[in-house]
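A.B. asks: One predicted model, sequence on top.
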Amino acid sequence: MKRGRRRDDYPQTEFRGAVLGTLTRRNFSLRALETLSGVNRGTLSAVLHGKRPCEREDRAAIMHALGFGSEIQIQFLPDVLASAEHDRILLDGRISADPQLQRGQLLMSRAQFAEAYHQLRGVFDMAATAGDALGQAEAAGWLGWFHGELEHFRESLRWTGASISAIESHLSMSTDEITDSVAVSRSLSSTSEKAIQVLSRALRVRSKVLAVRIVHHLEFDWLAEAKQRFRQSVGLDERMEVPELAHDLRWKAVAMSAEDRSHIRDIERLLYESRERLPSGGPAEACLIREQGIIRWQKNRLAKAADFLWEAKEKLAFFADARALGPTFCVLSKLIIQDSGDFRRARHYAVVAAGLHPYGYVLDHCVDQLRNTAAVERQRDLDDLRAGQKPFDIVHRVMASVASGSPNTSGQLVEHNVGRIRANLLPSAVSELPAPPVTRPR
């Protein structure tokens with residue numbers, strides 16, 4: 001039996017060129033890359049001098065450490081990262097280098113939310129026990145991401161704030177001073193480089209969460225902090241030259257669209273800069289198209305908004321990204337109410353949205369539509385959702401992909417989401433931190 005880790009065919013010369021070019025541009029040494037990636041320095045030297053191929057796991061670790069975008073990772077890990085599951089993980093950033101945090105991301109992509117929380121919280125607690133301040137900061141950032149995805153607004157702010165504060169304390173600098181230090185010199189220690197990557201993620205997550213709160217909950221008191229955080233996030237990621245800058249820009253454009261005095265030309269410039277940094281045909285581009293629709297909806301350009309949102313819906317369904325697709329259907333529902341007054345169709349889209357991701361404003365809008373409907377029709381809609389009747393069949397198709405690889409079936413995921421809708425239809429239903437689904441054993 002052949003032992004050792006798997007090797008496979010990949011464009012070795014192009015890989016070496018991409019890594020060496022990034023090391024030169026960022027003034028990284030092999031020692032720094034060894035620390036960030038966990039790959040032995042001797043192995044790195046042999047690979048970069050063309051003396052041996054780079055094994056799959058090492059390639060993944062090197063590309064993560066250097067912040068390569070998903071389009072580059074797919075080039076050198078084609079059969080691993082091309083799957084829809086990994087597309088969902090990579091949507092708003094890179095996969096964590098920590099295997100335990102990677103596991104939390106994977107569980108999120110499968111809608112195993114309870115397990116994802118316990119996984120991420122476990123990493124945080126272990127880092128706290130070990131006195132690993134940087135590990136705590138990274139885990140806190142991912143916990144902020146987890147709560148943001150489920151619209152636990154206060155919890156997301158708490159965890160991202162903890163992550164940002166921990167990095168500022170670790171480096172003994174404010175966020176603005178950290179950004180300035182990156183601008184002054186690229187010769188950062190490997191530990192400082194990792195700390196800045198953690199800070200970058202926490203800022204990005206916090207900015208996105210604030211944008212959602214402003215646009216979809218109409219809480220404009222958060223605009224001042226959102227502007228500050230987007231300034232910091234964009235400024236830091238520009239200096240670091242990371243691919244996640246594209247996501248900073250698209251969410252900044254969304255937040256800007258909620259301002260009465262914002263101009264569509266300025267917003268379009270941000271969207272153009274974001275698109276220039278995204279791979280064509282991927283899930284991130286699909287979300288950018290959705291953002292174009294949301295922005296037109298905010299600016300009351302309803303016909304154009306509908307075109308963008310419909311296109312985004314089709315693309316996001318292909319990638320089976322329920323967490324992005326639910327909000328897309330929700331905005332389509334609101335737009336239909338404003339534009340045509342087709343309340344039945346709007347209600348169906350609201351139910352589809354909550355069937356995919358029943359959290360936050362998506363769930364609130366669905367419940368509002370169902371409460372304004374006769375009890376018989378309301379029951380029929382929920383029964384049709386459970387049965388997968390049109391137009392609710394898309395929920396079952398997407399959830400079948402989401403459930404792939406998990407102990408849950410698509411039917412169990414749909415049942416859970418229907419249960420959340422029903423529970424929130426009750427007058428006494430108030431739950432800011434709803435319990436995620438518990439995976440059932442096989």
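C.D. replies: Structure's in. What do you need? Just so it is clear, the model here is predicted, and its values are computed rather than measured.
A.B. asks: pretty sure Ala253 is touching Ile295, no?
C.D. replies: Yes. Between Ala253 and Ile295 there is a contact under Cβ atoms under 8 Å: 6.3 Å. For every residue, glycine as well, the C-beta is placed using N, CA and C.
A.B. asks: Which neighbours do those two have in common?
C.D. replies: Contact criterion Cβ atoms under 8 Å, 6 or more residues apart in numbering; residues shared by Ala253 and Ile295: 267, 271.
A.B. asks: Low-confidence stretches in the stretch 1-150 of the chain?
C.D. replies: Low-confidence segments of the stretch 1-150 of the chain, defined by pLDDT under 70: 1-8, 69-71, 73-74, 78-94.
A.B. asks: domains in this structure, as residue ranges please.
C.D. replies: 1-82, 83-242, 248-318, 320-431 (automatic domain parsing).
A.B. asks: now the ones you listed in TSV, with mean neighbour count?
C.D. replies: TSV is the format used below for the domains of the chain (neighbours: other Cβ atoms under 10 Å):
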stretch	mean neighbour count
domain 1-82	16
domain 83-242	20
domain 248-318	19
domain 320-431	19
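A.B. asks: May I have the secondary structure class of the residue nearest to Leu356 when sequence neighbours are not counted?
C.D. replies: Computed as Cβ to Cβ, 6 or more residues apart in numbering, the closest residue to Leu356 that is not its neighbour in sequence is Gly326, at 3.8 Å. Three-state call for Gly326 (DSSP: H, G, I helix; E, B strand; the rest coil): helix.
A.B. asks: List the residues that contact Gly326.
C.D. replies: Contacts of Gly326 (Cβ under 8 Å, 6+ apart): 353-359, 362.
A.B. asks: so of the residues you listed, which ones are in helices?
C.D. replies: Mapping the contacts of Gly326 onto helices (DSSP state H) picks out 353-356, 362.
A.B. asks: ok, His348 touching Leu382?
C.D. replies: No. Judged on Cβ under 8 Å, His348 makes no contact with Leu382 at a distance of 11.4 Å.
A.B. asks: any idea how far Gln75 is from Ser29?
C.D. replies: Distance, Ser29 to Gln75, by Cβ to Cβ, to the nearest Å: 25 Å.
A.B. asks: Contacts for stretch 211-223, please.
C.D. replies: By Cβ under 8 Å, 6+ apart, stretch 211-223 touches 148, 151, 153, 210, 226, 251-252, 254-255, 257-259, 294, 298, 327, 360-361.
A.B. asks: give me that answer again for 7 Å
C.D. replies: The contact list for stretch 211-223 (Cβ atoms under 7 Å, 6 or more residues apart in numbering) reads 153, 210, 226, 251, 254-255, 258-259, 294, 298, 361.
A.B. asks: So which of these are in helices?
C.D. replies: Going by DSSP H, the helices hold 153, 210, 226, 251, 254-255, 294, 298, 361 from the contacts of stretch 211-223.
A.B. asks: Closest one of the contacts of Gly326 to Val198?
C.D. replies: Tyr359 (25.5 Å; Cβ to Cβ).
A.B. asks: can you map out the strands along this protein?
C.D. replies: Taking DSSP state E to define them, one finds no strands in the chain.
A.B. asks: Quick check: chain neighbours aside, which residue is closest to Val123?
C.D. replies: Nearest non-adjacent residue to Val123 (Cβ to Cβ, 6+ apart): Ala139, at 4.4 Å.
A.B. asks: I'd like the distance between the one you found and Arg25.
C.D. replies: 30 Å.
A.B. asks: ditto for Glu149
C.D. replies: Distance, Glu149 to Arg25, using Cβ to Cβ: 33 Å.
A.B. asks: what do you get for Ile289?
C.D. replies: 31 Å.
A.B. asks: and what of Arg347?
C.D. replies: Distance of Arg347 to Arg25, given as Cβ to Cβ: 53 Å.
A.B. asks: circling back: next, format the contacts of stretch 211-223 as TSV and append pLDDT.
C.D. replies: Below are those laid out as TSV (pLDDT from 0 to 100):
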residue	pLDDT
Phe153	96
Leu210	97
Ala226	96
Trp251	94
Val254	95
Ala255	95
Ala258	91
Glu259	90
Ile294	95
Gln298	93
Tyr361	97
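A.B. asks: Which of those residues sits closest to Gly419?
C.D. replies: Nearest to Gly419 among the contacts of stretch 211-223: Tyr361, at 19.2 Å, using Cβ to Cβ.
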